[in-house]
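*Asks:* based on what follows, work out the 3D shape:
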Amino acid sequence: MGDYPILVMITSTRNPKIQWIKALQTRSRRRKEDGVFVVEGVRLAEEALRSGWQIELGLVSPADDERLQRLIAALQERQIPLEEVSPTVLQAVSDTKAPQEILLVVKHQNLPLPQKLSFVLVVDSLRDPGNLGTILRSAAAAAVDAVLIPPGSVDLTSPKVVRAAMGAHFRLPLVRLNWDEIAQVCRKHRLTVFLADAQGKVAYDQADFRRPFLLIIGGEAEGASPPARSLAHQRVFIPMPGKMESLNAAVSAAILLFEAVRQRNH
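*Replies:* The predicted structure is shown next:
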């Protein structure tokens, strides 16, 4: 652990810091009250460090890994509180079956909406955390301006969302707005609203994504909500020659977002 002053390894899951992190992993309300969320693993921890966001606490389990040691040294240089814990304790506090060697508690920041918007995503009633996280990852890769989240979706700081998003939380403005506020954003920035809909009338590669637009991806079970449908100017669909009823929401989002990227790069 380098020069960081650690008096003793934590080996008890009853330790107050361990109990706090366990509560953060399982309780959305606790994360919201404390304004923090948890990231696990070297890659996400590196993203958190690069972001410059405040890191409240780190747990590290001994491991002979050069990349991990470099990360620990960087955290120590930033004077971030670190605790060495036994593998058993890290397993107890982890949200995964095979925990990695590091876990960080990060202070949540709300990145502001850009002054100009032309490529916006709305996730409507997404209740599967893996799907939501994967969509955020695709949105970050496609360089969308912002992701708007109306009421009804799973908590953005859920461990499974954070893990699947692979650092998107640190890169994208993720803004919770109600539908009236989303409509105001559309009017202010003159956004054409596209709704992904298997029953739509316009094939996704025929839609014009070169102009400023907002894309709505509906939930896995019920699809788009009534407010989303009322806001849409066009409903776009993805042709499926295999005659499947629908695609996974995260797959649909990736296809549509990167069609927009393709059009905007030509």
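
*Asks:* which SSE is Gln91 in?
*Replies:* Using DSSP states H and E, Gln91 sits in helix 87-93.

*Asks:* state the distance from Val251 to Ala45.
*Replies:* Distance check for Val251 against Ala45: by C-beta to C-beta, to the nearest Å, it reads 28 Å. Quick note: C-beta positions are derived from backbone N, CA and C, even for glycine.

*Asks:* for the one helix or strand Val261 maps to, packing partners?
*Replies:* Using DSSP H and E, Val261 maps to helix 249-264. For helix 249-264, the elements it packs on are strand 119-123, helix 129-142, strand 192-196, strand 213-217, judged by 3 or more C-beta pairs under 8 Å, 6 or more residues apart in numbering; DSSP states H and E.

*Asks:* please identify which of the ones you listed is closest to Arg171.
*Replies:* helix 129-142 (4.8 Å; C-beta to C-beta).

*Asks:* outside of the next helix or strand after that closest one, which residues touch it?
*Replies:* Sequence-wise, the next helix or strand downstream of helix 129-142 (DSSP H and E) is strand 146-149. By C-beta atoms under 8 Å, 6 or more residues apart in numbering, the surrounding residues in contact with strand 146-149 are 113-114, 117, 120-123, 136, 139, 156, 172-177, 182, 185, 214.

*Asks:* can I get the CA coordinates of the helix or strand just after strand 146-149 in PDB?
*Replies:* Next in sequence after strand 146-149, counting helices and strands by DSSP H and E, comes helix 159-165. This file holds the C-alpha atoms of helix 159-165, laid out as PDB (Å, rounded to 0.1, in the frame of the first residue of the first chain):
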ATOM      1  CA  PRO A 159     -24.400  -0.800  -8.800                       C
ATOM      2  CA  LYS A 160     -25.500  -2.800 -11.900                       C
ATOM      3  CA  VAL A 161     -26.200   0.400 -13.900                       C
ATOM      4  CA  VAL A 162     -22.800   1.900 -12.900                       C
ATOM      5  CA  ARG A 163     -21.000  -1.400 -13.800                       C
ATOM      6  CA  ALA A 164     -22.700  -1.700 -17.200                       C
ATOM      7  CA  ALA A 165     -22.200   2.000 -18.000                       C
END
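
*Asks:* which element follows helix 159-165 toward the C-terminus?
*Replies:* Heading C-terminal from helix 159-165, the first helix or strand you meet, by DSSP H and E, is strand 174-176.

*Asks:* parallel or antiparallel, list what pairs with that next one.
*Replies:* Sheet partners assigned to strand 174-176 using DSSP bridges are listed as strand 146-149 (parallel).

*Asks:* please enumerate the strands of the stretch 1-150 of the chain.
*Replies:* With DSSP state E, counting those that start in this stretch as the criterion, the stretch 1-150 of the chain has strands at 36-40, 55-60, 82-84, 102-107, 119-123, 146-149.

*Asks:* what's the domain layout of the protein?
*Replies:* Domain ranges of the chain: 16-107, 119-264, per automatic domain parsing.

*Asks:* give me the distance between the first one and the centre of its chain.
*Replies:* Going back to what we said before, that points to domain 16-107. Centroid displacement of domain 16-107 relative to its chain, using C-alpha atoms, centre = their mean, to the nearest Å, is 17 Å.

*Asks:* also the last one?
*Replies:* On the basis of C-alpha atoms, centre = their mean, the separation between the geometric centre of domain 119-264 and that of its chain is 13 Å.

*Asks:* residues near Val105, how many?
*Replies:* 23 (other C-beta atoms under 10 Å).

*Asks:* typo on my end, it should be Ala260
*Replies:* Ala260 is flanked by 22 other residues according to other C-beta under 10 Å.

*Asks:* any idea which of the domains of the chain gets closest to Ile10?
*Replies:* domain 16-107 (4.5 Å).

*Asks:* quick one: end-to-end distance for that closest one.
*Replies:* The first and final residues of domain 16-107 sit 19 Å from each other (C-alpha to C-alpha, to the nearest Å).

*Asks:* CA atoms only for stretch 134-152 - export them in CSV, please.
*Replies:* Extracted as CSV, the C-alpha positions of stretch 134-152 are listed here (Å, rounded to 0.1, in the frame of the first residue of the first chain):
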residue,chain,number,x,y,z
THR,A,134,-25.5,-0.5,-21.5
ILE,A,135,-27.5,2.3,-23.1
LEU,A,136,-25.5,4.9,-21.2
ARG,A,137,-22.3,3.3,-22.4
SER,A,138,-23.5,3.4,-26.0
ALA,A,139,-24.6,7.0,-25.6
ALA,A,140,-21.1,8.0,-24.3
ALA,A,141,-19.4,6.1,-27.1
ALA,A,142,-21.7,7.9,-29.6
ALA,A,143,-20.9,11.3,-28.0
VAL,A,144,-24.5,12.3,-27.3
ASP,A,145,-24.8,15.8,-25.8
ALA,A,146,-26.9,14.6,-22.9
VAL,A,147,-29.2,11.8,-21.6
LEU,A,148,-32.5,12.9,-20.1
ILE,A,149,-34.2,10.6,-17.6
PRO,A,150,-37.9,11.2,-16.9
PRO,A,151,-39.6,9.6,-13.8
GLY,A,152,-40.0,5.8,-13.9
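
*Asks:* all set now, cheers.
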